[in-house]
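Visitor: the following comprises the amino acid sequence and a computationally predicted model.
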Amino acid sequence: MKPLFLFVRPPRPLWPFNGPSTAFWPPLAFASLAAALREHVPGLRVAILDAPALSMGWSTLTQQLRQLQPDYIGIGEEAVSCVEGLRIARLAKELGARVVAGGCFFSHVASQVLATGLIDVVVHGEGELTIVELAQALQENNPKALRAVAGISFVEGEEVIFTGQRELLADLNRLPFPAYDLLPVERYGGRSRNHPSLAAIELGRGCSHACQFCVLWRQMGRFEADHAVPCLRVKSPERLLEEVRILMDRFQRRYLGWVDPCFNADPRTAARLSELLLREDRIIGQSAWVRADYVLRDDASGALKLCCQSGWNEAYLGIERLEPSELARLGKGNLNGEATRALEILYAKYPEVVTIGSFIYGLPWDTAESVRSLFQSAEQLPLDEIFFIPFTPLPGTPYWKPQMWDSTGEKFRTFDFLPRLGSDEPMAQLSSEIAWSYLFCWPRQRAHRMLAGLLARNARRRGITRHIFQRAIPVMFPGAFHRRRESPGGMFYPAWYEN
């Protein structure tokens, strides 16, 4: 029988603001990597096991792996799920499988995670070409073959070998279509009202900006000497149209979640895709992260109108801060009030678009007073929902330090972008200010916006407003009254997590 390469997303906690049906998006990276292996390595069987989407706990997952007996297991966790990543790696090693790790977290802590002895190879950056060459080299079982694969790290003797950065794909249209058929597609958004029959899809890769706190553009960036620089690449509108056709017609998907760190970075692609969708009368709900300055650009060009006409109805904006001096220190841009003007345009011209803004607090210069001021200023913007995210020193960013590594992964439970509660640390004190403000600070603009959301004619807006507020209360209440949590993070464990 052919050897099996199995990509696994293990059981993990849930982010409290998501409903159970949309807590886990389709693992698009696994589908893309699996498609590359299936097309170019015919000597392998390829499969994906998405335990959270199946509500599969560790007990059942262990039984499944013992039955499947995979030869290779691929994992790719975020920092907050490092514990689960190491746990599945340990289980894989017990079964005699070789473990390949990648993604935005493991690729930036390669030497540390390899030192645990649980990971055999770490893949850096874009993985489709690398995974094909790596699979072939692993089958040879020869260290010399591994050294010939660009873009990986592994241990040889007592030395960590890094084979150098791989060149980025110049033409994303050459990628095979993601192996959606290997995923339990019907489970994503299966019972969701706001994101029904959810699909994950990418317009392109990389970004046009270099925000200091962000690791996403670095993951798909181009390397010059020893540092990454932004490198935006997009698929053609025609290729994207074909992906949407497959998702809608073959897999009956009704909502597209664009995974790009900046969906509107390219000034033409999204608009041209929207034209093609409208030509075929394909109106489908869509959510995407966008930059405020590009919203202004696209409003002037007409691209914004086209995107909204084709179904874009949920806009996420990383506003971060409102003071130009603070935005400049973060490398964010948008120093001339672009966020406010973009939101005013969306509010006035495109009321069907639900707007969600994120703000960072806990920066080195923050105080209790400045955080309260940030909350009050943010709540005056025409946003439907606002998230306040604690500053998080993600690996790969300048704020990460090697001494922050924790070989158990438990320390990264706080990398959940939720208020840090349950300690006397400065971040916990600032989180308490946010929590108290959320519960008890109701300026006129905020009260009006909440009431308008709850009474909106648009049923989707009413549902989103109600659900997020209901889910925020149990998150914010402990912080407002300085109650400690049993665990350091704010995620919660579903009933099926272990069994």
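Guide: Sure, I can see it.
Visitor: how about the strands in the stretch 301-450 of the chain?
Guide: Using DSSP state E, counting those that start in this stretch, the strands of the stretch 301-450 of the chain run over 312-320, 354-361, 385-390.
Visitor: how about residues contacting the second one?
Guide: Defining contact as CB atoms under 8 Å, 6 or more residues apart in numbering, one finds that strand 354-361 is touched by 213, 313-321, 330, 339, 343, 346-347, 371, 374, 378, 381-391, 430, 434, 460-461, 464. Every C-beta, even on glycine, is put in place using the N, C-alpha and C of the backbone.
Visitor: buried among the residues you listed? Need that as a selection in PyMOL.
Guide: Buried residues within the contacts of strand 354-361, by 16 or more other CB atoms under 10 Å, are selected in PyMOL with:
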select buried, resi 213+313+314+315+316+317+318+319+320+321+330+339+343+346+347+371+374+378+381+382+383+384+385+386+387+388+389+390+391+430+434+460+461+464
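Visitor: the strands in the stretch 151-300 of the chain, which residues?
Guide: 152-156, 159-162, 198-201, 204-205, 222-224, 227-229, 233-234, 255-258, 285-290.
Visitor: could you dump those into CSV with mean neighbour count and mean pLDDT added?
Guide: Shown next, in CSV, are the strands of the stretch 151-300 of the chain (neighbours: other CB atoms under 10 Å; pLDDT from 0 to 100):
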stretch, mean neighbour count, mean pLDDT
strand 152-156, 20, 96
strand 159-162, 13, 96
strand 198-201, 24, 97
strand 204-205, 22, 96
strand 222-224, 14, 89
strand 227-229, 13, 89
strand 233-234, 18, 98
strand 255-258, 23, 98
strand 285-290, 22, 98
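Visitor: can you lay out those as CSV showing distance to Glu243?
Guide: Below are the strands of the stretch 151-300 of the chain laid out as CSV (distance: least, CB to CB, whole Å):
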stretch, distance to Glu243
strand 152-156, 28
strand 159-162, 33
strand 198-201, 6
strand 204-205, 12
strand 222-224, 24
strand 227-229, 27
strand 233-234, 13
strand 255-258, 9
strand 285-290, 13
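Visitor: measure Phe391 to Leu304 for me?
Guide: According to CB to CB, to the nearest Å, Phe391 stands 31 Å off from Leu304.
Visitor: please apply the same query to Leu240.
Guide: Leu240 is 18 Å from Leu304, by CB to CB.
Visitor: of these two, who's got more company?
Guide: Leu304 (28 against 23; other CB atoms under 10 Å).
Visitor: OK, contacts around the more buried one?
Guide: Taking CB under 8 Å, 6+ apart, one finds Val295, Asp298, Ile345, Tyr350 in contact with Leu304.
Visitor: I'd like to know how far it sits from Leu317.
Guide: Look at Leu304 and Leu317: by CB to CB, they are 13 Å apart.
Visitor: cool, and Asp299?
Guide: From Asp299 to Leu317 the distance is 14 Å (CB to CB).
Visitor: now Leu346
Guide: On the measure of CB to CB, Leu346 and Leu317 end up 9 Å apart.
Visitor: what number of residues lie near Glu369?
Guide: By other CB under 10 Å, neighbour count at Glu369 equals 9.
Visitor: if I look at it, how far off is Arg268?
Guide: From Glu369 across to Arg268, the span is 44 Å (CB to CB).
Visitor: what of Ile345?
Guide: 20 Å.
Visitor: please say which of these two ends up with more neighbours.
Guide: Ile345 (18 against 12).
Visitor: what pLDDT is listed against the more buried one?
Guide: Ile345 is assigned a predicted lDDT (pLDDT) of 98.
Visitor: equivalent analysis for Ser192, please.
Guide: So Ser192 comes in at 88 (pLDDT).
Visitor: contacting residues for Leu232?
Guide: Leu232 touches Gly204, Arg205, Gly206, Cys207, Ser208, Ala265, Asp266, counting by CB under 8 Å, 6+ apart.
Visitor: give me the distance between the two termini of stretch 68-85.
Guide: For stretch 68-85, the first-to-last residue distance is 19 Å (CA to CA, to the nearest Å).
Visitor: same check on stretch 277-290?
Guide: First-to-last residue span, stretch 277-290, CA to CA: 20 Å.
Visitor: quick one: Gly190 from Arg253, how far?
Guide: For Gly190 relative to Arg253 (CB to CB), the value is 11 Å.
Visitor: also Leu91?
Guide: The spacing between Leu91 and Arg253, counted by CB to CB, is 32 Å.
Visitor: who has more neighbours, these two?
Guide: Set side by side, Leu91 and Arg253 show more neighbours around Arg253, with 25 against 20, by other CB under 10 Å.
Visitor: mark out where each domain of the protein begins and ends.
Guide: 4-162, 194-352 (automatic domain parsing).
Visitor: would TSV of those domains with distance to Gly453 be doable?
Guide: Formatted as TSV, those follow (distance: least, CB to CB, whole Å):
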stretch	distance to Gly453
domain 4-162	15
domain 194-352	12
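Visitor: those: which one's closest to Asp406?
Guide: domain 4-162 (7.9 Å; CB to CB).
Visitor: tell me the gap between the closest one and the middle of its chain.
Guide: 17 Å (CA atoms, centre = their mean, to the nearest Å).
Visitor: same thing with stretch 457-467?
Guide: Distance of stretch 457-467 from its chain centroid, counting by CA atoms, centre = their mean, is 24 Å.
Visitor: show me which positions of that stretch end up buried.
Guide: Neighbour-count burial for stretch 457-467 [16+ other CB under 10 Å]: Arg460, Arg461, Gly463, Ile464, Thr465, His467.
Visitor: do stretch 243-257 as well
Guide: Applying 16+ other CB under 10 Å to stretch 243-257 flags Glu243, Val244, Ile246, Leu247, Met248, Phe251, Arg253, Arg254, Tyr255, Leu256, Gly257 as buried.
Visitor: distance between stretch 383-402 and the chain's centre?
Guide: Remark: stretch 383-402 is offset 13 Å from the chain centroid, using CA atoms, centre = their mean.
Visitor: and the gap between the nearest residue to Pro474 once chain neighbours are set aside and Phe417?
Guide: Sequence neighbours aside, Pro16 is the residue nearest to Pro474 in space, at 7.1 Å (criterion: CB to CB, 6 or more residues apart in numbering). For Pro16, the distance to Phe417 (CB to CB) stands at 11 Å.
Visitor: and those two? Which one has more around it.
Guide: The residue with more neighbours, out of Pro16 and Phe417, is Phe417; 18 against 15, by other CB under 10 Å.
Visitor: let me see the contact set for that one.
Guide: Phe387, Ile389, Pro390, Thr392.
Visitor: look up how far Gly318 lies from it.
Guide: To Gly318, Phe417 is 12 Å away according to CB to CB.
Visitor: quick revisit: just the ones of the contacts of Leu232 in helices?
Guide: With helices defined by DSSP state H, no entry of the contacts of Leu232 lies inside them.
Visitor: so which of those residues is the closest to Phe477?
Guide: Using CB to CB, Cys207 comes nearest to Phe477 of the contacts of Leu232, at 36.1 Å.
Visitor: is it correct that that closest one is in contact with Val215?
Guide: No: taking contacts as CB atoms under 8 Å, Cys207 lies outside contact range of Val215: 10.9 Å.
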